[in-house]
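> sequence unavailable; structure follows:
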């Protein structure tokens, strides 16, 4: 007589584990795509200091971009820039 494939509680735990793994896979899959696009095209638009960064800059921040991709999308869509060059800031004492 064959044993049951799994008890009901074990199957529920397995479904939960598979759901968590699938959700994390999707999250980090989207993160990889966003990180590649952002580091390839958008980082210099958001942060002007990234234009003169060393060649190791992009690989070093890649994993952070993958993990924090929702923040990166919001930051990129807001079009707020940081580290503006000195000459592009408006003068406060202009006549």
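On my side now, so go ahead. Keep in mind that this is a model prediction, so the values were computed, not measured.

> against residue 38, how distant is residue 76?
Look at residue 76 and residue 38: by CB to CB, to the nearest Å, they are 7 Å apart. No exception for glycine: its C-beta is placed from N, CA and C like everyone else's.

> who's more crowded, those two?
Legend: neighbour count by other CB atoms under 10 Å for residue 76 and residue 38, higher for residue 38 (21 against 17).

> and the pLDDT at that one?
According to the prediction, residue 38 has pLDDT 90.

> what about it, distance to residue 28?
For residue 38, the distance to residue 28 (CB to CB) stands at 15 Å.

> and for residue 18?
Distance from residue 18 to residue 28, by CB to CB: 16 Å.

> for residue 76, same thing?
According to CB to CB, residue 76 stands 19 Å off from residue 28.

> wait, isn't residue 65 in contact with residue 37?
No: Residue 65 is beyond contact range of residue 37, at 9.6 Å (criterion: CB atoms under 8 Å).

> tell me which of these two has more neighbours.
Shown here are residue 65 and residue 37; by other CB under 10 Å, residue 65 has more neighbours (20 against 16).

> with adjacent residues omitted, what lies nearest to the more buried one?
Leaving aside its chain neighbours, residue 65 sits nearest to residue 35 (3.6 Å; criterion: CB to CB, 6 or more residues apart in numbering).
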